[in-house]
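Undergrad: Sequence plus predicted model, see below.
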Amino acid sequence: MEITLSSVLLLGITGFFAGGINTVAGGGSNLALPALMVLGLPADIANATNRVAVTMQCLVGLAGYDKHETLDRPAVIPILIPTVIGGMGGAIAAALIPNLFLKPILLGTILLMALVILLRPTVIAPPPGTQNISPSESRGAWWGLFAAGVYGGFVQAGVGFILLAALAGGLRYDLLRANALKTACALAFTSVALVIFIAFDQVWWIPGLILATGSMAGAHLAVKVAVRTSQESMKWFLFLMTLFAVIAGLVF
């Protein structure tokens, strides 16, 4: 890949929007992956290289959520256990086999979540004061987090929607705190996946770091906006992002 001013701008701007979208909803990789492939990266290399940006945006986003005291620290370890286990298996599978067959699963999952938000909004955005559930108390939520880890380790794109379904729908977190925990989960299994992709020599560092620079800026701004946004507004933003993700998935 030749580094030019246009490629730097493309990756930087794409990273900014992808980082912001991922931090408050999901589906940002539906922008990042096509941008990397347009610049000549093969699909498997783009999938691996994108993890550099996702890891860095998660670091920034998690620090921001923690600073604003929206991260439920005691819940982090119980929630990370199933997602990291799943992420390891998914990343190893991604390094060894193609991921094209996952596109129908991605689109189906996102469409289902859009319908849930539209028809039964309290499932994904529980009323204020709803008691949270620990993963150990909900077998369905535990397996949902494990599945999110497998999927996220494999392909990343759209994993935020699956995590939010498990955290808000399964464990009854409001969308702001669910996003904070989602960011912690994504950081954990993406870091594991990145190490595996590095071991398989599938990461192209220069485009990955350029993309990461934009992603970190987008994540930083997104947290500032998220902590000042109402639950209702976040719910509808999430709904719009699910539709966007479906359109992006169909186009690219």
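TA: Sure, I can see it. From a predicted model like this one, the values you see are computed outputs, not experimental measurements.

Undergrad: I'd like to know which elements the helix or strand hosting residue 87 is packed against.
TA: Assessed by DSSP states H and E, residue 87 sits inside helix 73-96. Packing contacts for helix 73-96, counted by 3 or more Cβ pairs under 8 Å, 6 or more residues apart in numbering; DSSP states H and E, involve helix 43-67, helix 139-154, helix 175-199. (C-beta placed from N, C-alpha, C; glycine too.)

Undergrad: Now the first one: average pLDDT?
TA: Average pLDDT, helix 43-67: 91.

Undergrad: Over to the shortest one?
TA: The predicted model gives helix 139-154 an average pLDDT of 81.

Undergrad: For residue 203, grab phi and psi.
TA: Here the main-chain torsion angles of residue 203 (degrees, to the nearest 10) amount to phi -100, psi 130.

Undergrad: so it sits right up against residue 196, yeah?
TA: No - under the contact definition of Cβ atoms under 8 Å, residue 203 does not touch residue 196, with a separation of 10.1 Å.

Undergrad: Give me the pLDDT value at the closest residue to residue 71 other than its chain neighbours.
TA: Spatially, and ignoring its direct neighbours in sequence, residue 71 is nearest to residue 180 (4.3 Å; Cβ to Cβ, 6 or more residues apart in numbering). For residue 180, the model assigns a pLDDT of 90.

Undergrad: Likewise for residue 107?
TA: What the model reports as pLDDT for residue 107 is 59.

Undergrad: coming back round to it: as TSV, the helices and strands packed on helix 73-96 with mean neighbour count and distance to residue 15 would be great.
TA: Below are the helices and strands packed on helix 73-96 laid out as TSV (neighbours: other Cβ atoms under 10 Å; distance: least, Cβ to Cβ, whole Å):
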stretch	mean neighbour count	distance to residue 15
helix 43-67	24	6
helix 139-154	23	18
helix 175-199	24	15
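
Undergrad: For the helix holding residue 87, list every residue counted as buried.
TA: Of the residues in helix 73-96, those buried by neighbour count under the rule 16 or more other Cβ atoms under 10 Å are 75-76, 79-92, 94-95.

Undergrad: Many thanks, I have nothing further to ask.
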